[in-house]
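[1] how would this look folded up:
(chains A and B)
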Amino acid sequence: MTLFIHNTLSRKKEAFEPLNPDHVGIYVCGPTVYDYAHIGNARPVVVFDVLTRLLRRFYPKVTYVRNITDIDDKINAASRETGEDIRSITDRTAKVYHDDMAALGALPPDVEPRATDHVAQMITMTEQLIETGNAYEAEGHVLFNVPSMPEYGRLSGHSRDELIAGARIDVAPYKKDPADFVLWKPSDADTPGWDSPWGRGRPGWHIECSAMSQEYLGTEFDIHGGGQDLIFPHHENELAQSRCANHSDRMAKYWMHNGYLMAEGEKMSKSLGNFYTVHDLLDEFPGEAIRLALLQTHYRQPMDFTKDGIADARRTLDKWHRIAGDVTAAGEDMPQDLIDALSDDLNTPKAIAELHRLAGKGTDNARRALKAGANFMGLMGETADDWFKWSPATASDVDEAAIDALITERNDARANKDFTRADEIRDQLTAQGIVLEDAAGGTTWKRG
RNA sequence: GGCGCGAUGGCGGAGUGGCUACGCAGCGGCCUGCAAAGCCGUGUACGCCGGUUCGAGUCCGGCUCGCGCCUCCA
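    Here you go, the predicted model:
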């Protein structure tokens, strides 16, 4: 079995051949922790979660690194606005991020480095870039000199000339070349800063991922992932920094990028009110339904994320849980067709189709395979019973004993053909968001 | 303006030179006190215009529309 992945560097699907089959390394750009993650931020988390699960199936050791960006001018701005301490903002936001991503069924990364813990490494790399002649100091800034790297632009497909021609902002006067970008910048007294050979300051955005990926995965590693919008400038600049500092031909062997996401047919924007945060969606829907909705579209496709889509996904999971019941799946139950689909550049929609196929078969083997495959994709992680009793955060608390009592009363009424009373009870519970289902084995309830 | 991605049935969404994707919704039927679930059957597609081919959603060219990026902003 060969794993194929689309490599942004070649813009082709390639067979994955790890640098070292005994230890695969993957780095994914994580969040800047100044605000709750929106659904667009969740897509790469879920996509690369599936990828790491797959890599772990194929290789004995996988190190998954996903950073937390806690040095950023947006964080600084938020702190100035609200008066909340920076560390408090970043800790609080990171905590919510962890909870939200866990609710989506994403396993935590093996290493989750924070930028603030790696400033020394960033300074070292910046010094190296000055030594190699790829960077220079100017007015307290250190800038990467783009013309010093002939292959700059290979990842994004932009040439330096095009970038300059298309530039929409004024070029800072201290730049040698209009395309040069910041490695280090000075901080004033009110802004977080660290001592450096160039005075008190803070790192530019791109250098953190260069420094931290190297710290945990080495100068060359297997896969670097993130959203498509990171290809330029973030990943292009990371690549330039790391390669030049290390005199290396490459940084990551494979670069993977997930497609962008819209909400309800429109570009997500706060002004349009269609800016879904994961945190808010989790009040309305089970996390696994959101996860399945995200996986229903292939990761490189643009995606229109809708609440209807989550509701659909939820009904699908309802059905699968009804079919699988409480079977337990073992390793040998894993459906090979599902693994094959995922191995073809993470074809999750095809893998999901395979789960549908198993759901329709009706045999015990198929039920176990359904559960095993769903579990592998981070779905159906709880019992059917727990799944059906999930309730939205807005729902009022319901007394389960009272429900059971009403069910008993209704069944007595039904036995006596008192269907008026039976329907009253159904309506009463429906009004509370409780749905009753009469089956051969008795009456069960779930939250609507 | 430059670079890139996308366009499949009512909706979601794979696929790929010739053979039903699949799911949801719809319609007809069975079952059911009601409801749900389940079962059987069933219709609808490949943005537009050319070209290559015995044959094209599938390859080539052009066009239209949508979206992303074009530097200190993840």
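[2] Tell me how many other residues surround the residue in the stretch 201-350 of chain A that RNA strand B sits nearest to.
    As assessed by CB to the nearest atom of the strand, RNA strand B sits closest to A:H298 within the stretch 201-350 of chain A, at 3.0 Å. The way it works is simple: take the backbone N, C-alpha and C, and place the C-beta from them, glycine included. Neighbourhood size, A:H298 [other CB atoms under 10 Å]: 16.
[3] how's chain A carved up into domains?
    Chain A is divided into the following domains under automatic domain parsing: A:4-258, A:262-388, A:400-447.
[4] Could you check the shortest one against RNA strand B for contacts?
    Yes - for domain A:400-447, a contact with RNA strand B is found by CB under 7 Å from any atom of the strand, at A:414, A:419, A:422-423, A:426, A:435-439.
[5] Tell me who's in contact with A:I290.
    Taking CB atoms under 8 Å, 6 or more residues apart in numbering, we find A:I290 in contact with A:39, A:42, A:104, A:278, A:281-282, A:310, A:313.
[6] The same query, at a cut-off of 7 Å, please.
    Listed by CB atoms under 7 Å, 6 or more residues apart in numbering, the contact partners of A:I290 are A:104, A:281, A:310.
[7] quick check, nearest of the residues you listed to A:H235?
    Using CB to CB, A:L104 comes nearest to A:H235 of the contacts of A:I290, at 23.7 Å.
[8] correct me, but that closest one touches A:A289?
    No - applying CB atoms under 7 Å as the test, A:L104 and A:A289 come out as separate, 9.8 Å apart.
[9] Kindly list the longest helix within chain A.
    Counting residues, the longest helix in chain A under DSSP state H turns out to be helix A:39-58.
[10] And that helix, what's buried?
    Buried residues in helix A:39-58, defined by neighbour count with 16 or more other CB atoms under 10 Å: A:39-55, A:58.
[11] which secondary structure element contains A:L342?
    Element membership of A:L342, judged by DSSP states H and E, is helix A:336-343.
[12] re the thing from before, can you convert the residues of domain A:400-447 next to RNA strand B into CSV and add a column each for pLDDT and neighbour count?
    Converted to CSV, the residues of domain A:400-447 next to RNA strand B look like this (pLDDT from 0 to 100; neighbours: other CB atoms under 10 Å):
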residue, pLDDT, neighbour count
A:R414, 91, 16
A:F419, 90, 12
A:A422, 90, 20
A:D423, 90, 13
A:R426, 89, 19
A:V435, 83, 14
A:L436, 85, 18
A:E437, 83, 11
A:D438, 84, 14
A:A439, 78, 8
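[13] Tell me which of these fall in strands.
    A:435-439 (DSSP state E).
[14] of all the residues you listed, which comes closest to A:P173?
    A:V435 (67.0 Å).
[15] Would you confirm that the closest one contacts A:K446?
    Yes - A:V435 lies in contact with A:K446 (CB under 7 Å); the separation is 5.5 Å.
[16] How about the residues of the stretch 1-150 of chain A by RNA strand B?
    A:11, A:29, A:32, A:34, A:40-41, A:69, A:72-74, A:141, A:146.
[17] Filter those down to the buried ones.
    If we count by 16+ other CB under 10 Å, these have these buried: A:29, A:32, A:34, A:40-41, A:69, A:72, A:141, A:146.
[18] Next, give me the two most distant ones among the residues you listed.
    Greatest spatial distance among these (CB to CB): A:G40 and A:H141, at 30.9 Å.
[19] what about the helices in the stretch 51-200 of chain A?
    Ranges of helices in the stretch 51-200 of chain A, per DSSP state H, counting those that start in this stretch, are A:73-82, A:86-103, A:119-131, A:160-166.
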